[in-house]
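Participant: Structure for the following, please:
(chains A and B)
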Amino acid sequence: MLLIHCPWCGPRNEDEFSYGGEAHIVRPAAPEAESDAQWADYLFMRTNRKGLNLERWVHTHGCGRWFNVARDTVTHRIEAVYGMGEAPPVQSRGGG
Amino acid sequence: MPASEYLRQSALAALGLAAKAGAGPARGAGVILRECAPRAQLCLRGGPGADFEKAVEGVLGVRPPLESGMSARNGDRTLLWLGPDEWLAVLPDERSEEVLSRLRDALAPLHVAVVDVSHSRAVVELSGAHARSVLQKGCHLDLHPSRFRAGSVAQSKFARCHVLLHQTDDAPAYDLYIQRSFARYLWSWLEDAAAEFGVTVEV
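Facilitator: This next block holds a predicted model:
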């Protein structure tokens, strides 16, 4: 089980949290100008990195807040926890 | 609006707790389980900010605690920290309507939500010398007195259910705010987990 440091509640077990997928995916500014392929890419395609992944989590069974986590998908080591809308303090790495 | 006596039924009514009350060990029960009388529970979303805090304090006489996992109390009114912009106000049931409308008036100029959620949760009090041991069977929170003491609040998973835990006394005593539909399961779980310490039921 992962021990995730909620920015508000402190360290809690993984089963209190829900995973929210890859972070920093930007919605196209003008969806109507996107081709179907570009729109599908935005909606469905994710990096699936083997290495340091930037992802969103929500403290479902706690304070209910969203935040970002930099987690290594190989070692499960969490390198950083940072707020929504903040720039990642570490860069993702590893192939997708 | 508070439900009438006729409509309002305890979430634990089917367990027949009145018949069990006092049937535990005559003395020396390690754990005391008590179903608490209905309380007004008002969810406050807003702030944090001086305007919000002052307005809430003006109505309740309690300033919203800003430190995570803390509560603040004044007489029969308690504010529990639920999140950085979310609190639960707990007060006597009969005052819910009056306080709700006063809070709404006082907070009207601000960007807030005040919602009466009194009927969503049942409240069970767990106390006695072994209360902490019982809680630790179903919950991974660190409840050691150096980390969690009277006034501490946490939402977590307890016996696989979402609960709001509030320590009310260092004796220790805890209030468990349980979603109504899980109340019968959790009460039975608690009675079972507490059996080895000797349990007394109070209503």
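
Participant: Around chain B, which positions in chain A sit nearby?
Facilitator: Within chain A, the positions adjacent to chain B are A:8-10, A:12-13, A:15-16, A:61-65 by Cβ under 8 Å from any Cβ of the partner chain. Where you see a C-beta, it was placed from the backbone N, CA and C, and this is true even at glycine.

Participant: Can you say which of those are buried?
Facilitator: A:8-9, A:12-13, A:16, A:61-63, A:65 (16 or more other Cβ atoms under 10 Å in any protein chain shown).

Participant: Out of those, which is nearest to B:Val163?
Facilitator: Relative to B:Val163, the closest of these is A:His61; by Cβ to Cβ it sits at 8.7 Å.

Participant: quick one, what contacts that closest one?
Facilitator: A:15-17, B:155-157, B:162 (Cβ atoms under 8 Å, 6 or more residues apart in numbering or on different chains).

Participant: With distance to A:Ala40, secondary structure and pLDDT added, can I get those residues in CSV?
Facilitator: Compiled in CSV, the contacts of A:His61 are given as follows (distance: Cβ to Cβ, whole Å; DSSP: H, G, I helix; E, B strand; the rest coil; pLDDT from 0 to 100):
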residue, distance to A:Ala40, secondary structure, pLDDT
A:Asp15, 33, helix, 94
A:Glu16, 33, helix, 95
A:Phe17, 29, coil, 97
B:Gln155, 38, strand, 97
B:Ser156, 39, strand, 96
B:Lys157, 36, strand, 94
B:His162, 36, strand, 95
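
Participant: Please, a PyMOL command that selects the buried ones among those?
Facilitator: Selection of buried members from the contacts of A:His61 for PyMOL, criterion 16+ other Cβ under 10 Å:
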select buried, (chain A and resi 16+17) or (chain B and resi 155+156+157+162)
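
Participant: ok, which stretches of chain B are helices?
Facilitator: Listed in chain order, the helices of chain B (DSSP state H) span B:17-20, B:50-60, B:96-107, B:131-138, B:183-194.

Participant: got the angle between the fourth one and helix B:183-194?
Facilitator: So that's helix B:131-138. Here the directions of helix B:131-138 and helix B:183-194 differ by 110 degrees (axes from the mean of the first three to the mean of the last three Cα atoms, to 10 degrees).

Participant: From the contact counts, what lies against helix B:131-138?
Facilitator: If you count contacts as 3 or more Cβ pairs under 8 Å, 6 or more residues apart in numbering or on different chains; DSSP states H and E, helix B:131-138 packs onto strand B:31-35, strand B:173-179, helix B:183-194.

Participant: Just give me the neighbour total for the residue nearest to A:Tyr82 when sequence neighbours are not counted.
Facilitator: Nearest residue to A:Tyr82 in three dimensions, chain neighbours excluded: A:Asn68, at 5.1 Å (Cβ to Cβ, 6 or more residues apart in numbering or on different chains). Neighbourhood size, A:Asn68 [other Cβ atoms under 10 Å in any protein chain shown]: 23.

Participant: Likewise for B:Pro172?
Facilitator: What B:Pro172 shows, counting by other Cβ under 10 Å, is a neighbour count of 20.

Participant: Can you pull the poorly scored residue ranges out of the chain?
Facilitator: If you meant another chain, say so; for now it's chain A. Chain A contains residues with pLDDT under 70 at A:96.

Participant: my question was about chain B
Facilitator: For chain B (pLDDT under 70), the answer is B:1-6, B:23-28.

Participant: tell me the domain boundaries of it?
Facilitator: With domains defined by automatic domain parsing, chain B comprises B:16-37+B:121-202, B:39-118.

Participant: how many other residues sit next to B:Ile178?
Facilitator: B:Ile178 has 27 neighbours, counted by other Cβ under 10 Å.

Participant: Quickly list what it is bridged to.
Facilitator: B:Ile178 has these beta-bridge partners by DSSP bridges: B:Ala122, B:Val163.

Participant: returning to that earlier point: put together CSV for the helices and strands packed on helix B:131-138, with distance to B:Leu103 on each row.
Facilitator: Converted to CSV, the helices and strands packed on helix B:131-138 look like this (distance: least, Cβ to Cβ, whole Å):
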stretch, distance to B:Leu103
strand B:31-35, 27
strand B:173-179, 19
helix B:183-194, 27
